[in-house]
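Peer 1: Below are the sequence and a predicted model; questions follow.
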Amino acid sequence: MLGKLSSIIDFTAYLDNYKFQERYVVENRESGMNNTTRIITSGDRKFVFRIYNNHKDPDIVRLEHEVLQQLNEQELSFQVPVPVYNKCGDTVSIAPDGTLSALFDYIEGDRPSIANERHVYALGHTAAKLTEALGKIDPKRKPLYSPYYSLEDTYASMDLDSFLSLTVRSTALAARKPDILALHEERERLILTCRELALLPQQWIHGDLVFNNTVSHDDDIIGVLDFEFATIDARVMELAVIIVDLIKPGDPHFESKLKLLLHGYQAGIQLSEEERKQLPALMKLRLLDVALHFAVRLRDNLDETEILCGIIDQSLFGCNWINDHWEADYT
């Protein structure tokens, strides 16, 4: 029995890989750009079902599940997803066309609100606790995503000429040529810094820890989701990713929220002097990585042009704010 279904995706074909105790209902929920997500209800149990849209590499998913397994072996102050085994005894299901999917136990809760100051503080504190927990894991599989400081290798195909070539796709993108050039100048300056960033303390990180990848209850963060991009990187990169998610051009109060986030994080982890010094560069790395990622997506015809326009605006705003306003006393 199915609820609201996509007119394109036959979820029955995927869910037949699993043994449910009772008939199931598929509930449509908002999906990210990297995967399609549905809530599955079977009797008194709920699950999250995910179809991976970004790739067809089962090793990426199996590494994600190994990270989750080792985290679930620790006593955490929050929950992380628990993968469900299919009828073949695997946590990864592979369709005939190679499409990958996975089922997880549902973490009951709500989306945290960036407008709730307690949620902002809690996210910082949860990030510190997650960093501590990820520092204890030792997966057998090697990381499949490059660290952020390998930006030039990761996006070698998206050089300045390639980025600028995308501007012919719309007048809105053409109008952003100066912004693309400004981002490229930031990229060139960061190239000189990346060798230093590679010397910072390294460990496994979530890599995409933002509000939309967490679950809240009341004023607490009780769950962390979507470990698909877990990799080994500078440990403070985790904090840089969260900070950047707060720097929004349309939010006049983001600076006060940023300080709350940092207070929450520092209640769990004390950064070294070098980590504090390099944090602005790591924040810019995240902004540039996102811009280049969406440039690649547009090149590959996965998005509409207005999505990249918005990303360019936000990335340049963030870089400019860091240049003009970041203060040492933030950390």
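Peer 2: Arrived safely, thanks for sending.
Peer 1: got any ranges where the stretch 201-331 of the chain has weak pLDDT?
Peer 2: In the predicted model of the stretch 201-331 of the chain, residues 328-331 satisfy pLDDT under 70.
Peer 1: Tell me where it has helices.
Peer 2: 237-246, 254-266, 273-299, 305-325 (DSSP state H, counting those that start in this stretch).
Peer 1: Highest mean neighbour count out of these?
Peer 2: Among those, the stretch with the highest mean neighbour count (mean count of other CB atoms under 10 Å) is helix 237-246, at a mean of 25. The way it works is simple: take the backbone N, C-alpha and C, and place the C-beta from them, glycine included.
Peer 1: what's next to that one, contact-wise?
Peer 2: Under the contact criterion CB atoms under 8 Å, 6 or more residues apart in numbering, helix 237-246 has outside partners 114, 120, 123-124, 127, 130-131, 147-148, 205-211, 254, 257-258, 261-262, 265, 271, 279, 282-283, 285-287, 290, 318.
Peer 1: tilt between it and helix 273-299?
Peer 2: Per axes from the mean of the first three to the mean of the last three CA atoms, to 10 degrees, the angle that helix 237-246 makes with helix 273-299 is 60 degrees.
Peer 1: what angle sits between helix 237-246 and helix 305-325?
Peer 2: Counting by the same axes, to 10 degrees, helix 237-246 lies at 110 degrees to helix 305-325.
Peer 1: orientation of helix 237-246 relative to helix 254-266 in degrees?
Peer 2: Per the same axes, to 10 degrees, the angle that helix 237-246 makes with helix 254-266 is 160 degrees.
Peer 1: isn't Cys319 right next to Leu183, touching?
Peer 2: Yes - look at Cys319 against Leu183 with CB atoms under 8 Å: they come within range, at 7.0 Å.
Peer 1: got any residues that touch both of the two?
Peer 2: By CB under 8 Å, 6+ apart, the residues touching both Cys319 and Leu183 are Leu288.
Peer 1: circling back to that earlier point, and the helices of the stretch 201-331 of the chain: which comes nearest Phe78?
Peer 2: Across the helices of the stretch 201-331 of the chain, Phe78 has its closest neighbour in helix 254-266 (13.0 Å, CB to CB).
Peer 1: so which of the helices of the stretch 201-331 of the chain gets nearest Phe49?
Peer 2: Of those, the one closest to Phe49 (CB to CB) turns out to be helix 273-299, at 23.5 Å.
Peer 1: Does Lys142 belong to a helix, a strand or coil?
Peer 2: coil (DSSP: H, G, I helix; E, B strand; the rest coil).
Peer 1: Can you check the pLDDT for it?
Peer 2: Here, the pLDDT recorded for Lys142 equals 94.
Peer 1: Backbone dihedrals for it, please?
Peer 2: Per-residue torsions, Lys142: phi -90, psi 150 (degrees, to the nearest 10).
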